[in-house]
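1. any chance you can model this:
(2 chains)
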Amino acid sequence: MRFRWLIAALVLGLSAAFAQNVTLRALMEDVPETHIIEALLPQFEQSTGINVEFEIVQYSAMHDKLVTQMLSPTNTYDFLQVDFLWAGEFPSAGWLEPLQPYVDRTNFDLSPYLPSMLDLVGYYQGKLYMIPMYNYAMGLIYRTDVLQDPALQQKYQEQFGRALGLPQTVQDYVDTSVFIARNAGMSGVAMQGQRGDPNFLEFANYLFGLGGGFADENWNVTLDSPEGRQAMALYARNIQNAAPTGALNFNLDDTYRIMCQGQAWSFVSYWWMLPQLDNAQECPNVAGKVALAPMPGGHGVAGGWGWGIPHNSAHKDAAWQLIQWVESPAIVKARALQGHAPTREDAFTDPDVLAKYPYYADVARIVESSMSVPLFQFTAQMEEDLGREISEASAGTKSSDQATQDAARALQQLFQRAGLE
Amino acid sequence: MRRRRAGWQFALPGILILLGTIAFPLGYALVVSFTGYSFLAPRFEPWVGLQHYVRGFQDPYFVNAIWRTGVYTAFTVGLSLVLGLAFAVLLHQPVPGREIYYSVLSIPMLISPVGVSLIWKMILHPELGIVNYAMTSIGLPRVDWLGNPRYALFVVGTIDVWQQVSLVTLVLLAGLRSMPVEPLEAATVDGATRFQRFFLVTLPILRPVIGIVLILQSIIELRTYDLIYVLTKGGPGSSTDLLAYFIYRTAFRGLDLAQASALAYVLLFMTMFLVVFYFRSVYRST
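-> Have a look, this model is predicted:
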């Protein structure tokens, strides 16, 4: 009996000693979410003895850093923040550890997660590779005071024969933003027209809002359709007539600065931009005058991050321990109370969270109605190829019809390369 | 015989290091370019021969990248040579406080290209940048410096020249300093004007140094990547899509290492062709 206790004490002592030596590293995007989690980490470190280090970088630097690490025999990062745009590439390359065995072993409860989030950043081809971390669905953020301006309302009524209000269709939205750019002494829309990820995701909102899509369920390309051509034409019209000078080269940070300084009426962006703009210390010109709505037409782009464990992580069990902790109901609520973008239904319906952030009800609607861009091995290349064509149409170096046709052809070639057609 | 063997023994460590650091990566990339190697399937199969090279030249966007890179290189090398020569000639004069000019001129060269890009990105920001602020405050219209496909390439090129001109100036100044004074004195005695002395005596003597500057600058400019990555991402449209950035995208966004290796070899051959051309013209003339 005494001998058994001795072994147990030895095992506990050794595991504690080993745990103390474990330092988990992760590459994280420089967004508020990361800093919210970072502030909570001491709780995890104290309770487990496992240290956690975040390497925080801009989004654009993340993909390439991760790809090179995945190809190495050992990975600098022990757990990952995986963007939904890589949610096809990483599992299909065999770079992520399947998580179902971990879920089963620890009875981790997946039921509170929104099904749309599990589809987006959870399962890939029926296998669980990620645990949804946070969502960044896109919607319309706009200035309410501009729509309430009596002089603008009167002028709009005279021009369009209807009341100035929140646009319900993409066509209305572009008409309204062009009208505001011509009559309100500000830009109608702050657009992230830079080639690649920024303009591709922004354009996808126009496409989904018009009822179009990139491909059907059998991976047949459907982009070159009347809706696709109209989306390209409206996107180009908005950037050429209602966006600030230089929008063709703007990224997310530029659009935020423009909105924060009160130089534009609206932007199609990630919903978590709303609390940033509504912060009187950060954006005194617009705080209290901004609101969030679903993308005109009813559907915006779904976005999100998931937690994953790389296949070559040196500390897989410790990484899973961290994921369990950060996704536990108490920590999810603590994160949500600081402005976290939840992926679990319980966080969206929590009374304390809703009391602090009443617009979370709108966010839930936006998340539920959002649609995903095609996720497959070459999603990153798809952003580049289609972003190039969207940029050509926006710059006027190609007609919108030609750009749509070329974008559809490029997409088809990528599907063929991926063996999906 | 013994001396010859000893020579080889002394040279061997250097040769091995060169083989390991230069020949191996080059050979590896060459082999990869003939296979189907990708990040998703990191295997040297199937063997596809020249397929990636052919596919590259069939891609209109790759051909566009070659053309843009040629224009960009000609513009940046030409402008930095003209400006560098002008600065070098001015600094060669006995002006007071020359050391201060040297120091100020060297500053851009000491900053990393990414730092240079970020600085200029803010200066040229169409809405928040100081250049457009100054222009609008005197009644001029805002200019979309990096968002206009007609001149974005030349704006990026000018930023590049801002950084590169320091190096060109220093090299040419060193050439001017080491130039023999006798030909110039003889030309003066013969009654040549300053203009004639510069174009008929100084420039021909400087020709080998100018050749070296052309070689160095062309190599640097053909490989331009960081400025494009930070400033434009190849846009608007394809107006700033340079070869090195195109190759990077093929490798790290398209995950196609074999195709990227083939395209990198095309860039290597372009660079080697230019270097050989410069060498031949410089040495033939001297």
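2. quick one, helices of the stretch 151-286 of chain B?
-> Using DSSP state H, counting those that start in this stretch, the helices assigned to the stretch 151-286 of chain B run over residues B:152-177, B:182-189, B:194-196, B:203-222, B:226-231, B:243-252, B:257-285.
3. please point out which parts of the fourth one sit buried.
-> By 16 or more other Cβ atoms under 10 Å in any protein chain shown, the buried positions in helix B:203-222 come out as B:205-206, B:209-218, B:220-222. Just so you know, the C-beta spots here come from the backbone N, C-alpha and C atoms, and that holds for glycine as well.
4. ok, A:E53 touching A:M28?
-> No. Counting by Cβ atoms under 8 Å, A:E53 does not reach A:M28; the two are 9.9 Å apart.
5. and those two? Which one has more around it.
-> Between A:E53 and A:M28, counting by other Cβ atoms under 10 Å in any protein chain shown, A:M28 is the more crowded of the two (21 against 13).
6. if I look at the more buried one, how far off is chain B?
-> According to Cβ to the nearest Cβ, to the nearest Å, A:M28 and chain B sit 20 Å apart.
7. per-residue pLDDT, A:F179?
-> With respect to pLDDT, A:F179 scores 97.
8. check contacts around it.
-> By Cβ atoms under 8 Å, 6 or more residues apart in numbering or on different chains, the contact set of A:F179 is A:K155, A:Y156, A:Q159, A:F160, A:G188.
9. so the residue in the stretch 51-200 of chain A that chain B sits nearest to: helix, strand or coil?
-> Closest residue of the stretch 51-200 of chain A to chain B, Cβ to the nearest Cβ: A:R195 (3.4 Å). Assigned state for A:R195: coil (three-state reduction, DSSP: H, G, I helix; E, B strand; the rest coil).
10. quick check on it: phi, psi?
-> phi -60, psi 140 (degrees, to the nearest 10).
11. surely it is in contact with B:P236?
-> Yes. Counting by Cβ under 8 Å, A:R195 does reach B:P236; the two are 6.9 Å apart.
12. so what sits against both of the two?
-> A:S391.
13. now do the same contact list for the nearest residue to A:A302 once chain neighbours are set aside.
-> Leaving out its chain neighbours, the residue that sits closest to A:A302 by Cβ to Cβ, 6 or more residues apart in numbering or on different chains is A:S370, at 3.7 Å. Neighbour list for A:S370: A:S116, A:A137, A:M138, A:H299, A:G300, A:V301, A:A302, A:G303 [criterion: Cβ under 8 Å, 6+ apart].
14. now do A:S370, the pLDDT please.
-> 91.
15. again with A:D30
-> 89.
16. dig out what the closest residue to it other than its chain neighbours forms beta bridges with.
-> Of all residues not flanking A:D30 in the chain, A:I56 sits nearest, at 4.9 Å (Cβ to Cβ, 6+ apart). Beta-bridge pairing for A:I56 (DSSP bridges): A:M28.
17. B:I130 and B:L124, how far apart?
-> 9 Å (Cβ to Cβ, to the nearest Å).
18. doesn't B:M122 make contact with B:W145?
-> No. Counting by Cβ under 8 Å, B:W145 sits too far from B:M122 to count as a contact (11.6 Å).
19. between those two, which one's more packed in?
-> B:W145 (26 against 12).
20. next up, the contacts around the nearest residue to A:R365 once chain neighbours are set aside.
-> Leaving aside its chain neighbours, A:R365 sits nearest to A:P294 (6.2 Å; criterion: Cβ to Cβ, 6+ apart). Listed by Cβ under 8 Å, 6+ apart, the contact partners of A:P294 are A:G139, A:L140, A:G300, A:D362, A:R365, A:I366, A:S369.
21. so what pLDDT did A:P294 get?
-> pLDDT at A:P294 comes out at 94.
22. skip the chain neighbours and tell me the closest residue to the residue of the stretch 201-350 of chain A found nearest chain B.
-> Nearest residue of the stretch 201-350 of chain A to chain B (Cβ to the nearest Cβ) works out as A:G246 at 3.0 Å. With sequence-adjacent residues excluded and distances taken as Cβ to Cβ, 6+ apart, A:G246 is closest to B:P126, at 3.0 Å.
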